[in-house]
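Participant: return atomic coordinates for the entry below.
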Amino acid sequence: MPALRVPFSVADQAVLYREAAGDPWNAVLQVGTTGSVDEGRLRRAVQQACTRHPMARARCQEDPLLSSRPMWTIPDALDADPVVVRDCPDDGSLAALRHEMVMTRLSVRSSPAVRVYLVRRPDGDMVTSVTSHVVMDGLGAVRFALSTALAYRGADDSDDPVEFASTRGFVGASQDGSSPRRSVARLRWASEVLKSVARSPVRVAAGGTPAPDLYGFVHRRIEASRTAALAADRPEDSSLNDLLVGALHLAIDRWNRANGAPHGRIVVSVPVSTRPPAWAASVVGNFISTQMTLTTPADRVDLATTTRAVTGQLAPWRDAVRSGRVVVSVPAGGGLPASGKRALPGIFAKVTGGRGQPSAELTTLGRLPEPLRFDDATPPEAWIYSLAKPPVGLGVATLSVGDTMFIALRYHQSQFDPDVATAFTDGFFDVLDGAA
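Facilitator: Below you'll find the predicted structure:
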């Protein structure tokens, strides 16, 4: 029986061409443990997770960058074992490995476009899933890691409310290039891009001596009691995510003012899921769109005012997702030949000079599913990373384990050095402290 073949979705293609124009775009999910993870069991668990989710083992037989209509092939078996074991006896070696993870370019022409790192550490091993964003988004990476953890512990993993074929149907139906809704969505997207270029969002003030690696990271946590205080103090009708986005707007405003840099129009991009609520955290694949949140100095009187401005922009999107009215407006070149699609990101960057790019990005994946653990204990830590590709040299990402929130700042060396990145992170937390 021939292997199943399915077309790239518009979201798959959009990520493919964007990644080809620059640094790798990987979803990195790190889950800590309190002890030692068995290597053999983990290898078998990853194999089971790939078997469980067709897109986790998908590959493209032809070069997708040379095809105007690339297709995924879903093989029965993997081409290679994706598990890698590394020893990280100290913080320096772990930082170097994290840099390697975000910079590893995973080929979609072999199966799987996934690496799972078993990181040996003195205070407890860490299991890290590094997945190509061409294959799956951040929530897909969480679902893949959940299947890996359940298989590792011998637990049941059979409760997905939707079949794989149905999810591809959703992607195709919601991204039909010929539909009137799609045409309207593209016009709306083009309008927003032109507005963004005209507005020229401010850049976050750079500082310090460039770091030796291309990217650096700052890791912080917010304990449960403080998370509860933030949730209690957020404005009515605003989500905790809205509050975090608002805090990043306000932190950039204060940082730029302190450094004598422009602080007018600040734009923070927010990746959001287009998954229907019925299977919001169940499917491996790409169901993502990016919403731009814009504030002006008049919006940034305090955190509450800033958060309300953010909520006013994100709430309509959330309502559309809940009601099934989402039409993804990420362009992937439509009927252009492959060469035209490949050229789009570069043309866009050249024409706009980066003026349409946001000031920063904030990604949140909500709460880690409770069964996503590799021993009997609650994971002591869990991290994800946002993008930080210049001219957007700063990304903040959040993930919660129970009521403890883990926040990671990723920065490009052209933006900050380690000391300056720490100072900016302190400022972000000062904004949150003012709320809690």
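
Participant: which parts of stretch 272-288 are buried?
Facilitator: Applying a neighbour-count criterion of 16 or more other C-beta atoms under 10 Å, one finds 272-276, 279-288 buried in stretch 272-288. (Glycine included, C-beta is placed from N, CA and C.)

Participant: just the mean pLDDT for it, thanks.
Facilitator: The average pLDDT for stretch 272-288 rounds to 83.

Participant: the strands in the stretch 1-150 of the chain, which residues?
Facilitator: 4-7, 26-32, 71-74, 83-87, 114-120, 126-132 (DSSP state E, counting those that start in this stretch).

Participant: residues making contact with the third one?
Facilitator: With contacts defined as C-beta atoms under 8 Å, 6 or more residues apart in numbering, strand 71-74 is touched by 3-8, 12, 54-55, 57-62.

Participant: go on, the last one?
Facilitator: Contacts made with strand 126-132 from outside it, assessed by C-beta under 8 Å, 6+ apart, are listed as 24-33, 37, 42, 56, 101, 104, 106, 108, 113-119, 140-141, 144-145, 148-149, 374, 381.

Participant: residue ranges of each domain in the chain, please.
Facilitator: With automatic domain parsing as the criterion, the domains of the chain are listed as 4-171, 180-339+349-366+385-435.

Participant: quick revisit: quick check: which of the strands of the stretch 1-150 of the chain is nearest to residue 228?
Facilitator: For these, proximity to residue 228 was assessed by C-beta to C-beta; strand 26-32 is nearest, at 22.2 Å.

Participant: still on that earlier bit, select from the domains of the chain the stretch with the lowest mean pLDDT.
Facilitator: Between the domains of the chain, the one with the least mean pLDDT is domain 180-339+349-366+385-435; it has a mean of 86.

Participant: residues contacting residue 75?
Facilitator: Residue 75 makes contacts with 3, 57, 59, 111, as judged by C-beta under 8 Å, 6+ apart.

Participant: which one (most neighbours) among the residues you listed?
Facilitator: Counting neighbours by other C-beta atoms under 10 Å, residue 57 leads the contacts of residue 75 with 26 neighbours.

Participant: residue 406: which element?
Facilitator: Element membership for residue 406 (DSSP states H and E) is strand 404-412.

Participant: just the ones in strands from the buried residues of stretch 272-288, please.
Facilitator: Those of these mapping onto strands are 272-273, 288, per DSSP state E.

Participant: closest to residue 412 among the residues you listed?
Facilitator: residue 288 (21.7 Å).

Participant: does that closest one touch residue 272 like I think?
Facilitator: Yes. Between residue 288 and residue 272 there is a contact at 7.2 Å, judged by C-beta atoms under 8 Å.

Participant: count of neighbours near residue 225?
Facilitator: Neighbourhood size, residue 225 [other C-beta under 10 Å]: 10.

Participant: what distance do you get for it to residue 405?
Facilitator: Between residue 225 and residue 405 the distance is 11 Å, computed by C-beta to C-beta, to the nearest Å.

Participant: same thing with residue 264?
Facilitator: For residue 264, the distance to residue 405 (C-beta to C-beta) stands at 30 Å.

Participant: quick one, which of these two is more surrounded?
Facilitator: Under the neighbour definition other C-beta under 10 Å, residue 264 and residue 405 were set side by side, and residue 405 has more, 23 against 13.

Participant: which residues touch that one?
Facilitator: 221-222, 227, 398-399.

Participant: can you pull up the bridge partners for it?
Facilitator: Beta-bridge pairing for residue 405 (DSSP bridges): residue 222, residue 400.

Participant: which residues are contacting whichever strand or helix holds residue 422?
Facilitator: Per DSSP H and E: residue 422 is located in helix 418-435. Helix 418-435 is contacted by residues 204, 207-208, 211, 216, 218, 220, 222, 229-230, 233-234, 243-244, 247-248, 250-251, 254-255, 302-304, 394, 396, 409, 411, 415-416 when judged by C-beta under 8 Å, 6+ apart.

Participant: would you mind measuring from the closest residue in space to residue 118 that isn't next to it in sequence to residue 367?
Facilitator: Residue nearest to residue 118 in three dimensions, not counting chain neighbours: residue 85, with 4.7 Å by C-beta to C-beta, 6 or more residues apart in numbering. To residue 367, residue 85 is 29 Å away according to C-beta to C-beta.
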